[in-house]
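1. When you get a sec, could you give me coordinates for this:
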Amino acid sequence: MSEYVGIAGSGAIACGLAATAARHGEVVLWARSEASRDRARASVDTICGRLSGEVNAAHVTVTTDVHDLAAASYVIEAVAEDLSIKRPLLDELGSLCPAETIIASTTSSLSVAALATASRREDRFAALHVFNPVPRMKLVELCFPDAASAETRTRTLTLCESWGKTAVEIPDVPGFVVNRLLFPYLFSAVALMEETGLKAEAVDTAMTLGTGHPMGPLALLDFVGLDVAIAIGETIGADVPAPVRALAAEGALGRKAGRGFYAY
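-> I've put the predicted structure just below:
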């Protein structure tokens, strides 16, 4: 079946998902406020414009009425990586959406079992961890609660394939695969800077040219957001270096704030 996708959220991941899904049909994106709606509308239009005519931005409806998500057959929660924010929203979506609707979360580190319980539809729940920028990044980490039905699994895999993504199903462990392995590496780069006095540029140049990584670890931390990095680090039990916490405390959260390990 072709899914009518609804997205709850208005940040970078939500807008990237909307543009990706709009390649294949109509999408509805819900934002909490008029200001968030306007920012999301502009972001979706920009992302679609970068896709060289592949996507019609008019396929994405941006709304502030959460009830508009009830028309979707597959609803993806894409708000901040914070259980206290996700849990009440998933509970609301579980009450709002028809019984046949699958509810998914873009979580990258939280317990999928706990999120599924919050939605009150463990048989129709999935974790669908996409990566930024969503239209370009091919991987989706999939995780299902034990009670997920065969239909939920099949529809979720089919949806990922329709987007041109490669889905890897993984167990419900903190950080899944990518973040579990990635963030200790990123934090070790910060620790090395602190120990040696190296500049961010030097570390990043060494890793991009020496390992073929497209982005160095300090630039990647800025891209992810230092607040997000701290939250993920705490969830997976990694040691978050003091310089990361200090920058975050100053509001220097990376690219989105105009300053982190680099100035933007």
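2. What residues sit buried inside stretch 82-101?
-> Buried residues in stretch 82-101, counted by 16 or more other Cβ atoms under 10 Å: 83, 86, 87, 89, 90, 92, 93, 94, 96, 97, 101. The way it works is simple: take the backbone N, C-alpha and C, and place the C-beta from them, glycine included.
3. can you check stretch 26-38 too?
-> For stretch 26-38, using 16+ other Cβ under 10 Å, the buried residues are 26, 27, 28, 29, 30, 31, 36, 37.
4. Extract the CA atoms of it and return them as CSV.
-> Provided in CSV are the C-alpha atoms of stretch 26-38 (Å, rounded to 0.1, in the frame of the first residue of the first chain):
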residue,chain,number,x,y,z
GLU,A,26,1.1,13.9,-0.1
VAL,A,27,2.6,14.6,3.3
VAL,A,28,1.2,16.5,6.3
LEU,A,29,3.6,18.0,8.8
TRP,A,30,2.4,19.3,12.2
ALA,A,31,4.2,22.2,14.0
ARG,A,32,3.3,23.3,17.5
SER,A,33,3.1,27.0,16.8
GLU,A,34,2.6,29.5,14.0
ALA,A,35,6.3,30.5,14.2
SER,A,36,7.4,26.9,14.0
ARG,A,37,5.0,26.4,11.1
ASP,A,38,6.4,29.3,9.2
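5. contacts for it?
-> Contact with stretch 26-38 is made by 4-10, 14-15, 18, 21, 39-40, 44, 59-66, 68-69, 71-72, as judged by Cβ atoms under 8 Å, 6 or more residues apart in numbering.
6. hang on, the earlier thing: please narrow the buried residues of stretch 82-101 to those residing in strands.
-> Judged by DSSP state E, the buried residues of stretch 82-101 include no members of strands.
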